[in-house]
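**Q** Build me a model from this:
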Amino acid sequence: MKLSKSGHSVRPWRIHEIAPDFRVEDVWSYRTPGAGPDDFPAMLEALQNESDRNVDPRVVRLLFAVRWKLGGLFGWDNPEQGVGRRVDSLRDRLPPDLRQDPIDSPWPDTPFTMVYETSNECVLEMANRTVHHLCHLGWVQAGSGDYELRMAALVKPHGLLGRVYMAAIKPFRYAVIYPALTRKWERAWLLRDQHTSSTKSSSVGHQIRGGITASSVLTRPTSRADKKRPMGAPHTSRNRLVTWGGRLIVLYGTAHTVGALTAEGAARHAGTWFSGQLWNEELASMSPAMSAYWLSINSFGPPMVLLGLTVLWLNRRGIPPPRFIPWALGAWVVVGTVVAGPGVGQDLLLLAGSGLILAGTRRAPASVELPEGPHASRT
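**A** Predicted structure coming up:
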């Protein structure tokens, strides 16, 4: 869940004294049901285990693939642009009580390296041609009494390029990256016991600060937390992609219907519609009144509104909409484009909505995958 920047700045983190020249870009919270004040190391271990699994949705992997391709093309990620080259490491600023060994430990499957870790705080850093970025992880007691993970992104953009870059990626962070990260990190907490027992049985340990973890192939979750929804309904941010997809479909249907009634002038035939004159008319040779009726009230616009509202209704209750919906809508747009030519506005709206729903439902949250009841363990 997105928080205000004060959710980070008002807390007594050590990072405030170490990196006052970095600005707070984003603050996000992640639920960890049942967590206590001493569970921060377990959360960090769970995050590293989840990073080892490399189970990001395809849309996330695609975005990062594009980003790394652009970085390679323009030289953003060359070694001379990184920490210790273009910028000094934050480790050089640490007071004696925060200097730890080993230093410069890599975080699994990421470009980040460890700066320091305490009992309730951890900082990672990375740098390239565009920005010096800090990822601050903190352990905070939530209103429910349980502790939860807080992540703050602190950045220092490098010149005009860095500022433009941060502005350009902002929509992707909110619409794709953070929702996917929420599902991944909250799932990591729920699966921590299963992964721990799996790795213990193979006698492979974990080294948190060294960033060395054991990988295991996890199948469908069977832990107690997976057989029921923790803390009631699922977190709404888990399906934010689906939310935006449903909204785009509603917008599409509403815009088409209202536009036909107003901009296209269909509403002026309303008197003819309710007079009964259309009852015996041949559809193959439509009158202007019949054509206006099919363009507006009897078009696909109202069903699209209902379809989008249904997607939103399911999403609010933590139920992933069937994936045949975005696939069918996408195929319908493609066929319509082949037959009637491209309609840039409407085609992009539906394709974007379908893509968001598909991305949001590709990996259902672990907390809602299994049904409750005596037959849950059979799935």
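**Q** how about the strands in the stretch 1-150 of the chain?
**A** Counting by DSSP state E, counting those that start in this stretch, the stretch 1-150 of the chain has these strands, from start to end: 2-3, 23-30, 113-117, 121-127, 131-141, 147-157.
**Q** Would you convert the ones you listed into CSV that also reports mean neighbour count and distance to Pro95?
**A** Where you see a C-beta, it was placed from the backbone N, CA and C, and this is true even at glycine. Below are these laid out as CSV (neighbours: other CB atoms under 10 Å; distance: least, CB to CB, whole Å):
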stretch, mean neighbour count, distance to Pro95
strand 2-3, 14, 27
strand 23-30, 18, 21
strand 113-117, 22, 10
strand 121-127, 23, 13
strand 131-141, 21, 17
strand 147-157, 21, 18
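**Q** who wins for proximity to Leu356 among these?
**A** strand 2-3 (17.2 Å; CB to CB).
**Q** packing partners for the closest one?
**A** Contacts defined by 3 or more CB pairs under 8 Å, 6 or more residues apart in numbering; DSSP states H and E place strand 2-3 against strand 23-30.
**Q** coming back round to it: put together JSON lines for the strands of the stretch 1-150 of the chain, with mean pLDDT on each row.
**A** As requested, the strands of the stretch 1-150 of the chain are arranged in JSON lines below (pLDDT from 0 to 100):
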{"stretch": "strand 2-3", "mean pLDDT": "86"}
{"stretch": "strand 23-30", "mean pLDDT": "92"}
{"stretch": "strand 113-117", "mean pLDDT": "89"}
{"stretch": "strand 121-127", "mean pLDDT": "92"}
{"stretch": "strand 131-141", "mean pLDDT": "93"}
{"stretch": "strand 147-157", "mean pLDDT": "93"}
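**Q** Please convert those to TSV, extending it with distance to Val164.
**A** Below are the strands of the stretch 1-150 of the chain laid out as TSV (distance: least, CB to CB, whole Å):
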stretch	distance to Val164
strand 2-3	23
strand 23-30	14
strand 113-117	26
strand 121-127	17
strand 131-141	11
strand 147-157	9
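**Q** Nearest to Ala289, out of the ones you listed?
**A** Nearest to Ala289, of these and by CB to CB, is strand 2-3 at 49.2 Å.
**Q** and of the strands of the stretch 1-150 of the chain, who's closest to Arg11?
**A** Closest among these, using CB to CB: strand 131-141, at 6.8 Å.
**Q** coming back round to it: quick one, which of the strands of the stretch 1-150 of the chain is nearest to Arg93?
**A** Closest of those to Arg93 is strand 113-117, at 9.1 Å (criterion: CB to CB).
**Q** Can you spell out which helices and strands pack onto that closest one?
**A** By 3+ CB pairs under 8 Å, 6+ apart, strand 113-117 packs against strand 121-127.
**Q** Ok, which of the strands of the stretch 1-150 of the chain comes nearest Glu186?
**A** Across the strands of the stretch 1-150 of the chain, closest to Glu186 is strand 23-30 (CB to CB), at 5.4 Å.
**Q** packing partners for that closest one?
**A** Strand 23-30 packs on strand 2-3, helix 6-9, strand 147-157, helix 178-190, going by 3+ CB pairs under 8 Å, 6+ apart.
**Q** do you know which of the strands of the stretch 1-150 of the chain lies nearest Val338?
**A** strand 2-3 (40.0 Å).
**Q** residues in contact with that closest one?
**A** Asp26, Val27, Trp28, Ser29, Arg150, Tyr174, Tyr178, Ser237 (CB atoms under 8 Å, 6 or more residues apart in numbering).
**Q** now the residues you listed in a markdown table, with distance to Ala19?
**A** Below are the contacts of strand 2-3 laid out as a markdown table (distance: CB to CB, whole Å):
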| residue | distance to Ala19 |
| --- | --- |
| Asp26 | 15 |
| Val27 | 15 |
| Trp28 | 18 |
| Ser29 | 21 |
| Arg150 | 16 |
| Tyr174 | 23 |
| Tyr178 | 21 |
| Ser237 | 27 |
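**Q** so which two of the residues you listed are the farthest from each other?
**A** The most distant members of these, if one measures by CB to CB, are Arg150 and Tyr174, lying 17.1 Å apart.
**Q** per-residue pLDDT, Met43?
**A** pLDDT recorded at Met43 is 90.
**Q** could we number from 13 for the rest of this?
**A** Done: numbering now begins at 13, and the last item shifts to Met55.
**Q** hang on, isn't it packed against Thr44?
**A** Yes: if you go by CB atoms under 8 Å, Met55 and Thr44 touch, sitting 6.3 Å apart.
**Q** out of the two, which sits in the more crowded spot?
**A** Set side by side, Met55 and Thr44 show more neighbours around Thr44, with 25 against 22, by other CB atoms under 10 Å.
**Q** In contact with the more buried one, which residues?
**A** Applying CB under 8 Å, 6+ apart, the residues contacting Thr44 are Asp51, Met55, Asp158, Tyr159, Glu160, Leu161, Glu198, Trp201.
**Q** And Leu161, by the same measure?
**A** For Leu161, the contact set (CB under 8 Å, 6+ apart) comprises Ser41, Tyr42, Thr44, Met55, Leu149, Gly150, Trp151, Val152, Trp197, Trp201.
**Q** again, 7 Å this time
**A** Tyr42, Thr44, Met55, Leu149, Trp151, Trp197 (CB atoms under 7 Å, 6 or more residues apart in numbering).
**Q** Burial check on the last one, number of neighbours?
**A** The reference is to Trp197. 21.
**Q** nearest residue to it other than its sequence neighbours?
**A** Nearest residue to Trp197, sequence neighbours excluded (CB to CB, 6 or more residues apart in numbering): Tyr42, at 4.8 Å.
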